[in-house]
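Asker: Attaching a predicted model along with its sequence, questions to come.
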Amino acid sequence: FLTLTSWDNMKVAFLHPDLGLGGAERLVVDAAVELVQQGHHVDMYTAYYDPGRCFEETRTGGFSVTVAGSWFPRHIGGKLMALCAYIRCMLVALHIAISAKTRYDVVIVDQVSVVIPLLKLLTKSKVLFYCHFPDMLLAQRKSLLKKLYRAPLDWAEQTTTGWADHILVNSHFTAGVFAQTFTRLAARGVQPDVLYPAVPVPSQQSLQAASSGWREALGAELAGFVDAGGPVVLSINRFERKKDIGLAVRALAELRARGGEGTRVRLVVAGGYDVRVRENVEHLRELQQLVAELQLGGLVAFLPSFSDAQRSALLAAAALVVYTPQHEHFGIVPIEAMAAGKPVLACRSGGPTESIADGETGLLCDPTPAAFAAALDRLLKSNAAEAARMGKAARARVEAMFSRPAFGSTLDGYVCSLAAGKKAAAAAKAE
């Protein structure tokens with residue numbers, strides 16, 4: 001990669017659909033912050049942004065946030081959400097091309113690839129596409145009508161992804177899925193590079209401060225729940241059915257059925273929650289009903305839409321973190337937990353098999369309540385020395401593989417390489 005000072009102060013734009021509190025948002029915010037720290041001018045464009053429900057760095061990270069296309073609806077009668085997202089993002093792309101005062105060297109796009117041809121045709125920017133996971137694999141097709149609706153969207157996703165000047169994915173697992181899904185691109189020899197997401201690694205002083213001050217950060221009610229008895233297990237995920245948070249609830253019931261110390265364990269379920277998203281509202285209600293059905297009242301606490309300070313406090317107070325999604329593309333939560341020195345229990349599939357060293361920084365197991373309960377029992381019975389060893393190994397793994405400085409330096413290399421190609425092409429055309 002080029003790291004020449006001649007490419008300092010490049011102009012970089014990000015186009016992201018909805019700047020909320022999910023893992024994809026965490027990645028683009030971290031990427032923007034790191035590129036700012038590399039000396040570049042960075043602007044973020046999105047179709048939705050709520051300053052009261054966002055990552056703090058969107059306010060303090062040194063880059064602007066511009067909202068465009070928000071007037072177009074997110075759905076039509078609760079339907080056509082993917083099509084509406086495509087249109088909203090295309091409106092954002094048109095704003096960048098027509099209304100933005102800055103002309104960008106590179107535009108970084110993620111999640112919605114249909115904007116790439118617009119950016120390529122209407123601007124002189126190079127486009128870097130970060131593929132979290134093929135969207136076509138996330139959509140259900142239970143009816144003929146839904147299949148007909150998705151067919152042109154799926155074709156557009158693969159075709160427009162191929163327009164990007166460079167493609168990155170978040171894990172080797174996703175790289176394999178990319179090749180199996182986008183067969184036309186694979187036939188052309190299009191191979192994405194892997195750039196793991198990253199997290200900030202808190203200092204020991206920060207961890208000690210969180211350990212001593214988590215009660216104040218959580219507030220009286222939640223702090224009282226954590227203080228009420230035995231060890232606390234923490235689940236962090238968006239309130240979506242595909243995250244399988246119910247697995248953690250059922251594993252707790254299974255653990256209690258085994259008797260002994262397992263009857264003292266409690267669970268905190270925290271995660272991204274948006275009242276505008278019907279699934280978030282419905283799934284939280286479903287989980288609350290599951291808790292009641294399993295007679296776990298008083299043993300499970302829910303914390304939707306928590307702050308960064310509450311996240312740090314929960315990680316400090318918890319004995320370990322449980323991560324329930326299967327075939328997750330990467331999963332930012334496990335490395336956040338490991339950075340805080342906490343062991344992680346996750347399914348033996350997808351990205352966590354790359355981030356978690358099984359038996360060293362946590363455990364990987366089958367996605368069943370019995371398997372999770374057995375793994376919880378094993379981790380919670382570990383002595384203090386074993387827990388400290390695992391926590392130390394977890395932090396060391398994050399520092400080596402998933403730190404933000406390493407992520408930022410690698411991303412900067414890709415961006416500089418694209419900008420160098422753009423300037424070289426312009427120079428050749430001028431000749």
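Answerer: Received it, and whenever you're ready, just let me know what you need. What you see is a predicted model; the values in this text were computed from it and never measured.
Asker: tell me which residues in stretch 101-120 are buried?
Answerer: The neighbour-count check on stretch 101-120 (16 or more other C-beta atoms under 10 Å) flags 104-120 as buried. Every C-beta, even on glycine, is put in place using the N, C-alpha and C of the backbone.
Asker: Over to stretch 129-143?
Answerer: Residues of stretch 129-143 classed as buried by neighbour count (16+ other C-beta under 10 Å): 129-136, 139.
Asker: try stretch 356-370
Answerer: 356-357, 361-365, 367, 369.
Asker: what's G39 sitting at in phi/psi?
Answerer: Main-chain torsions, G39, degrees, to the nearest 10: phi 100, psi 10.
Asker: surely it meets N9?
Answerer: Yes. With contacts counted by C-beta atoms under 8 Å, G39 reaches N9, the gap being 5.8 Å.
Asker: gap between whichever helix or strand L207 is part of and the chain center?
Answerer: Taking DSSP states H and E as the definition, L207 sits inside helix 204-218. Its chain's average C-alpha position is 24 Å from that of helix 204-218, according to C-alpha atoms, centre = their mean, to the nearest Å.
Asker: which residues are in contact with that helix?
Answerer: Residues from elsewhere that reach helix 204-218 (C-beta atoms under 8 Å, 6 or more residues apart in numbering): 202, 223, 226-227, 309-310, 312-317, 340-341.
Asker: how close does the closest residue to Y86 other than its chain neighbours sit to L128?
Answerer: Of all residues not flanking Y86 in the chain, V114 sits nearest, at 5.0 Å (C-beta to C-beta, 6 or more residues apart in numbering). To L128, V114 is 16 Å away according to C-beta to C-beta, to the nearest Å.
Asker: in the stretch 1-150 of the chain, which spans are helices?
Answerer: 23-37, 57-60, 81-94, 115-122, 144-161 (DSSP state H, counting those that start in this stretch).
Asker: tell me the pLDDT at the closest residue to R141 other than its chain neighbours?
Answerer: Leaving out its chain neighbours, the residue that sits closest to R141 by C-beta to C-beta, 6+ apart is K147, at 4.7 Å. pLDDT, K147: 90.
Asker: before we move on, what about S307?
Answerer: Per-residue confidence at S307 stands at 82 (pLDDT).
Asker: Quick check: it vs L315, distance?
Answerer: 13 Å.
Asker: So for these two, which sits in the more crowded spot?
Answerer: Relative neighbour count places L315 above the other of S307 and L315, with 23 against 14, counting by other C-beta atoms under 10 Å.
Asker: which ones are touching that one?
Answerer: 210, 234, 321, 336-337, 340, 342.
Asker: and of those, the nearest to C54?
Answerer: The shortest approach to C54 among those belongs to E336, at 17.0 Å (C-beta to C-beta).
Asker: pretty sure F225 contacts V269?
Answerer: No. Under the criterion of C-beta under 8 Å, F225 makes no contact with V269, lying 11.6 Å away.
Asker: Please enumerate the shared neighbours of those two.
Answerer: Common neighbours of F225 and V269, using C-beta under 8 Å, 6+ apart, are A301.
Asker: Would you map out the domains in the protein?
Answerer: Following automatic domain parsing, one gets these domains for the chain: 5-198+404-430, 204-401.
Asker: first vs last residue of the last one, how far apart are they?
Answerer: This means domain 204-401. One end of domain 204-401 to the other measures 19 Å (C-alpha to C-alpha, to the nearest Å).
Asker: List phi and psi for the nearest residue to A340 once chain neighbours are set aside.
Answerer: Nearest residue to A340 in three dimensions, chain neighbours excluded: L315, at 4.2 Å (C-beta to C-beta, 6+ apart). Backbone torsions of L315, given as degrees, to the nearest 10, read phi -60, psi -30.
Asker: how near is L315 to L379?
Answerer: 15 Å.
Asker: How about L91?
Answerer: Here L91 is placed at a distance of 48 Å from L379 (C-beta to C-beta).
Asker: repeat for G298
Answerer: Distance, G298 to L379, using C-beta to C-beta: 23 Å.
Asker: One more: C84?
Answerer: For C84, the distance to L379 - C-beta to C-beta - is 43 Å.
Asker: Neighbour count for these two, which is higher?
Answerer: Applying other C-beta under 10 Å to C84 and L379 shows that L379 carries more neighbours, namely 21 against 16.
Asker: With adjacent residues omitted, what lies nearest to the more buried one?
Answerer: Nearest non-adjacent residue to L379, counting by C-beta to C-beta, 6+ apart: L320, 5.4 Å away.
Asker: got the contact list for that neighbour?
Answerer: Contacts of L320 (C-beta under 8 Å, 6+ apart): 231, 233-234, 337, 342-345, 362, 376, 379-380.
Asker: who wins for neighbours among the residues you listed?
Answerer: A337 (31 neighbours).
Asker: helices and strands around the helix or strand where it lies, which ones?
Answerer: Using DSSP H and E, A337 sits within helix 332-339. Where contact means 3 or more C-beta pairs under 8 Å, 6 or more residues apart in numbering; DSSP states H and E, helix 332-339 is packed against helix 23-37, strand 232-236, helix 308-317, strand 320-323, strand 344-347, helix 352-355, helix 384-401.
Asker: would a markdown table of those with distance to G421 be doable?
Answerer: Shown next, in a markdown table, are the helices and strands packed on helix 332-339 (distance: least, C-beta to C-beta, whole Å):
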| stretch | distance to G421 |
| --- | --- |
| helix 23-37 | 18 |
| strand 232-236 | 39 |
| helix 308-317 | 37 |
| strand 320-323 | 39 |
| strand 344-347 | 39 |
| helix 352-355 | 30 |
| helix 384-401 | 28 |
